[in-house]
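In: Sequence and predicted model, in that order:
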Amino acid sequence: MTVQNAARKSFAELLADTRHSAVHLEMRDSYAVGDEAQEFEEFRRTGHVSLDPTARWWPGWLGTVREAVGRGVVMRRARIVSEPVTDYIRWEHASTPLNIGAGELVRWLPRRLAFDLALPGTDFWLFDERLVQFHNWTGAGDWHPEEPKVWSDDPAAVKLCADAFEQVWQRATPHEQFAV
């Protein structure tokens, strides 16, 4: 697949092309992605998170994950977080059982344990160690309006991301053992 072809595909289509692994590294302490705003604000007000997998935007995501995992794709997500964690990270942690229930493996790494790691400058997805989807954020944590995602199949970029993810994964704590 060329990078130009990747740009024409949705995430679900990119994942459908994936045969073995999809890994996601998240490094921000908050995001302002619109489809999460209502649930996050509810959590901030009440401290409660709904774990209803049929609510709002979850069905599409969870279905995509279940389909990929069901055909043998290993999906791993690692989150590097500052301590003390932000309200957003507390909300993500509280809602992560939905990701795990769909088949994702999730780990957390305190930022203080990542100081000596060579990391890319932004979050990314890596598909089958062949294609990287970099996320381009505004300072406020929303998708960049001009170029929200950038794709690369450059072997050096793929290797950087694969190596970075594996180093984070090895140091990180499984979700069930990580307290916020």
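Out: Perfect, I can see it now.
In: Mind checking what secondary structure Glu67 has?
Out: helix (DSSP: H, G, I helix; E, B strand; the rest coil).
In: Show the contacting residues for it.
Out: Contacts for Glu67 (CB atoms under 8 Å, 6 or more residues apart in numbering) come out as Ala16. Glycine gets a C-beta too; all of them are placed from N, C-alpha and C.
In: Can you get me a residue count around Val118?
Out: Val isn't right for residue 118; it's Ala. 8 (other CB atoms under 10 Å).
In: burial measure for Tyr31, as a count.
Out: 20.
In: Spatially, which residue comes closest to it, not counting chain neighbours?
Out: Gly141 (4.4 Å; CB to CB, 6 or more residues apart in numbering).
In: With Pro145 instead?
Out: Distances taken as CB to CB, 6+ apart put Thr138 closest to Pro145, at 7.5 Å, once the chain neighbours are dropped.
In: quick one: that neighbour and His144 touch, right?
Out: Yes. If you go by CB atoms under 8 Å, Thr138 and His144 touch, sitting 5.6 Å apart.
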